[in-house]
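Enquirer: pasting the sequence and the predicted model now:
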Amino acid sequence: MLQAPYLVFLGDATDPLSIKMAKGVATWKPELCVGQYRLPGCSETANLPDMNISEAAEKGAKTFVLGFANSGGKIDQNWLPFIIQAIENGMDIVSGLHDKLTDFDELVSHSEQHNVKLIDIRHPCEKFATGNGYKRTGKRLLTVGTDCSVGKMYTSLALENAMREIGMNVDFRATGQCGVLIAGKGLAIDCVVADFISGAAETLSPDNTEGHWDIIEGQGSLSHPAFAGVSLGLLHGSQPDAIVVCHALGRTTMRGIADRPLPTLKHTIELNLAAASITNPNVKVAGITINTSSVSETEANDICRNLSHELGLPVVDPLRHGVQSIVDNL
């Protein structure tokens, strides 16, 4: 179990997408955060109070969170002195990167000396069976995307909040390091061996009561050459009754791959329904969420209204419009 409050470390980040760990927990669980620590040259912010490690320790910080989700998931050697300083101030260290904290001998020795934990939340310790596709009780919704980093986690959390507000029995099931940090539990599905992804998804969302909904955070995209395998395993293992398609305006290519255009929403719907129907023939699309931050509110309203008319589904920007229309369509 992660110990709050957190001091969120932003390092010298200059790319807003690289600090989605920090922004995720600051947006959804600000009460767990005592502040943020930024190095000179950092141009990004999680909109938390700025403080250094000593100040945060005085305010009771229990955990030093590496607030990064950078390309390649690397732990920069330049961060080690700050991680060690946090350890010396009695803080556990949490990382969601591919590099493991426990692979650094100096961090291990310092953590043992100061009796604190090194927590690599991206690396599951559990062993999973292969998936079987057997019908499970309860209901499930999975968010899917036209691309990576298009708002699947944000949409999932917004849906959970909206459903809770009207008294529905619902739980968010985290499948990425950011979601695990926010929820305090879950599974970073992209670090599960390929043969066991669908089985891990089944374990994450087991049998439940008839009216209960699991909102399962999606990963990657079936159309992304790098990450489609994780997306497919999640679709089969989640056995969703409903999917919500997520999209971001303004993208010219798939993230990280030049000259590869994004699929259309219509094609994305067709792909995901075909794959999901293997383990749940009754799956349906409940709606579409769009990150419209690249356009004005008037343009966003027009785009969502026109797409809704074209596709016959609720289409919203969760930040601007909320997600109640999608909840109503479940």
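Expert: Received it, and whenever you're ready, just let me know what you need. Numbers count the residues shown, from 1 in each chain.

Enquirer: residues near E310, how many?
Expert: 11 (other CB atoms under 10 Å). (C-beta placed from N, C-alpha, C; glycine too.)

Enquirer: residues in contact with the helix or strand S109 falls within?
Expert: Secondary structure assigned from DSSP states H and E places S109 in helix 105-114. For helix 105-114, the surrounding residues in contact (CB atoms under 8 Å, 6 or more residues apart in numbering) are L80, I83, I84, I87, E88, G90, I93, L101, T102, K117, L118.

Enquirer: show me how far that helix is from its chain's centre.
Expert: Averaged C-alpha coordinates place helix 105-114 at 29 Å from its chain's average position (CA atoms, centre = their mean, to the nearest Å).

Enquirer: quick one: mean pLDDT over the helix or strand that that helix is followed by.
Expert: As assigned by DSSP H and E, the chain's next helix or strand after helix 105-114 is strand 118-120. For strand 118-120, mean pLDDT rounds to 94.

Enquirer: before we move on, what about stretch 206-221?
Expert: Rounded mean pLDDT across stretch 206-221 is 97.

Enquirer: centre of the chain to it, how far?
Expert: On CA atoms, centre = their mean, the centre of stretch 206-221 falls 14 Å from that of its chain.

Enquirer: so which of the contacts of helix 105-114 would you say is closest to D317?
Expert: Of all those, I93 has the smallest distance to D317: 35.4 Å, by CB to CB.

Enquirer: quick one: what helix or strand has that closest one in it?
Expert: Element membership of I93, judged by DSSP H and E, is strand 92-95.

Enquirer: same deal with A274?
Expert: Here A274, judged by DSSP H and E, is contained in helix 265-276.

Enquirer: kindly report the same for N132.
Expert: Assigned by DSSP H and E, N132 belongs to no helix or strand.

Enquirer: ok so, going back, quick check: neighbours of the strand holding I93 in the sheet, parallel or antiparallel?
Expert: strand 63-66 (parallel), strand 118-120 (parallel) (DSSP bridges).

Enquirer: circling back to that earlier point, CA atoms of the helix holding A274 as CSV?
Expert: C-alpha atoms of helix 265-276 as CSV (Å, rounded to 0.1, in the frame of the first residue of the first chain):
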residue,chain,number,x,y,z
LEU,A,265,-13.4,6.7,-35.4
LYS,A,266,-15.6,4.5,-37.6
HIS,A,267,-12.7,2.1,-38.3
THR,A,268,-11.6,2.1,-34.6
ILE,A,269,-15.2,1.2,-33.6
GLU,A,270,-15.3,-1.7,-36.1
LEU,A,271,-11.9,-3.0,-35.1
ASN,A,272,-12.6,-3.0,-31.4
LEU,A,273,-16.1,-4.5,-31.7
ALA,A,274,-14.7,-7.3,-33.8
ALA,A,275,-12.0,-8.1,-31.3
ALA,A,276,-14.1,-7.7,-28.2
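
Enquirer: same question for it, mean pLDDT?
Expert: In this model, helix 265-276 carries a mean pLDDT of 98.

Enquirer: who are the packing partners of it?
Expert: Applying 3 or more CB pairs under 8 Å, 6 or more residues apart in numbering; DSSP states H and E, we find helix 265-276 packed against strand 139-145, helix 228-238, strand 242-248, strand 284-291, helix 297-311.
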